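Engineer: What follows is a predicted structure for the sequence shown.
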Amino acid sequence: MKDQKHVFIIAEAGVNHNGSLDMAKKLIDAAARAGVDAVKFQTFKTEQMILPQAPKAVYQMQNTDLNKSQYEMIKKLELDQQMHYILKEYCLQRKIQFMSTPFDTESLDFLVNTLHIPRIKIASGEITNAPLLLQAARSQKNIILSTGMSTLGEIEEALGVLAFAYLEQKSQLKNPSRNAFKEAYYSEEAQNYLNQHVSLLHCTTEYPTPFHEANLRVLNTLSQCFHLETGYSDHTLGTALPLAAVSLGATIIEKHFTLDRNLPGPDHKASLEPEELTQMVQGIRQIEQALGYSYKKPAPSELKNKEIARKSIVAAKHIQKGELFTEENLTVKRPGKGISPLEYWNLLGEKASKSYVENEMIK
């Protein structure tokens, strides 16, 4: 993911499988056809994640059965371990990376030590979940940290937990605490670790996110503040903002997708359908190529047009040999095979070394 020429695209299936293994496989098929790098699910034990009386978010109430609690809604969307094995294997067959976000420490342990996922995605809601962050960093896996609902200070605190876990393994720190996390964050050694292993995703935790609250300019702020690879997890409608984020320097894009926005469930309405996902991937791949490099020079394809589009100094009318060049008898016209118009003023007042007919290039 450090290669700036390639944007790592994560198709967020999330819980849009509605608890169905068959639908989850179809989501993997759609993601593979779209050409993304990874498809991501969510791994959780409902009873370890949500209190039975926990309220629903507004968007969840709008898109799901009002008679069901958040606990009941989430429980129906839980994937068991056997499903995870099958989906990971299916991703392998479809040549797409399997990812899943853990929402509790038991699920994290399963993903890291049983499924051996290559990287861990931490959801925005877990950015203050220090026990989960600590366990994630202790795994030595690369971490993608979403930052929805967060301030810069909260992000720094979360990075401090990850930094502490790194220094802890080097036997430099022993007792986790909020102060120890802060101390660890400012260690140069830990900063090097964060730079190599941690990426940040800007996002707004609302589904769908209003465009005026997407605040894409903060991508640059995150990059300047933390010096880490930065990406964007998009919850707006459509594909415009992921493309804009890539133009602003995002090297990771995460986007929810579904087989059908009309399906029941909390996240379908704010997701792309398969054809839209394909279009987004195509657009990002085009932008990757188009961003190019920071210095200005003619592109190879435009060099052949240089003489055609530029101009030369020519006779505006008949000029006799020995006659002085003046503003009245000189002008500039295409093509650019002759003397550059930049030499126009140097020619004024000079004697013509030969006679010229109208529109003849000056030599």
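Structural biologist: Now that the structure is in, tell me what you want to look at.

Engineer: From start to finish, how long is stretch 97-107 in a straight line?
Structural biologist: Counting by Cα to Cα, to the nearest Å, you get 18 Å between the two ends of stretch 97-107.

Engineer: can you give me how far it is from the chain middle?
Structural biologist: 20 Å (Cα atoms, centre = their mean, to the nearest Å).

Engineer: Just the mean pLDDT for it, thanks.
Structural biologist: The average pLDDT for stretch 97-107 rounds to 98.

Engineer: Can you give me the buried ones in that stretch?
Structural biologist: 97-105, 107 (16 or more other Cβ atoms under 10 Å). Where you see a C-beta, it was placed from the backbone N, CA and C, and this is true even at glycine.

Engineer: Stretch 331-348 too?
Structural biologist: 331-332, 336, 338-339, 341, 344, 347.

Engineer: Quick one: end-to-end distance for it.
Structural biologist: 11 Å.

Engineer: What lies in contact with that stretch?
Structural biologist: With contact meaning Cβ atoms under 8 Å, 6 or more residues apart in numbering, stretch 331-348 is reached by 306-316, 325-327, 330, 359, 361-363.

Engineer: just curious, which of the buried residues of stretch 331-348 is nearest to Thr278?
Structural biologist: Closest approach between the buried residues of stretch 331-348 and Thr278, by Cβ to Cβ: Gly336, at 42.9 Å.

Engineer: Can you classify that closest one as helix, strand or coil?
Structural biologist: Per DSSP: H, G, I helix; E, B strand; the rest coil, the secondary structure class of Gly336 is coil.

Engineer: Which pLDDT value goes with the nearest residue to it once chain neighbours are set aside?
Structural biologist: Excluding the flanking residues, the one nearest Gly336 by Cβ to Cβ, 6 or more residues apart in numbering is Arg310, at 3.0 Å. What the model reports for Arg310 is a pLDDT of 98.

Engineer: quick one: Arg310 from Ala184, how far?
Structural biologist: 59 Å (Cβ to Cβ, to the nearest Å).

Engineer: if we can go back for a sec, helices - which of the buried residues of stretch 97-107 land there?
Structural biologist: Secondary structure from DSSP state H places 105, 107 of these in helices.

Engineer: want to throw the buried residues of stretch 97-107 into a markdown table with distance to Pro298?
Structural biologist: Formatted as a markdown table, the buried residues of stretch 97-107 follow (distance: Cβ to Cβ, whole Å):
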| residue | distance to Pro298 |
| --- | --- |
| Gln97 | 39 |
| Phe98 | 44 |
| Met99 | 42 |
| Ser100 | 47 |
| Thr101 | 46 |
| Pro102 | 50 |
| Phe103 | 52 |
| Asp104 | 56 |
| Thr105 | 56 |
| Ser107 | 54 |
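
Engineer: which among the buried residues of stretch 97-107 gets closest to Cys203?
Structural biologist: Nearest to Cys203 among these is Thr101, at 12.6 Å by Cβ to Cβ.

Engineer: Low-confidence stretches in the chain?
Structural biologist: Residue ranges of the chain with pLDDT under 70: 1-4, 172-173.

Engineer: what do you get if the cut-off is 80, keeping everything else the same?
Structural biologist: For the chain, applying pLDDT under 80 flags the ranges 1-5, 56-57, 59-68, 170-174.

Engineer: Using the three-state scheme, assign Glu256.
Structural biologist: Not quite, residue 256 is His, not Glu. Using three-state DSSP, the structure places His256 in strand.

Engineer: Check the spacing between the residue nearest to Gly336 and Ala299 real quick.
Structural biologist: From Arg310 to Ala299 the distance is 16 Å (Cβ to Cβ).

Engineer: More neighbours: which of the two?
Structural biologist: Neighbours per residue (other Cβ atoms under 10 Å) separate Arg310 from Ala299, with Arg310 holding more: 15 against 7.

Engineer: mind listing what that one touches?
Structural biologist: Contacts of Arg310 (Cβ under 8 Å, 6+ apart): 334-336, 340.
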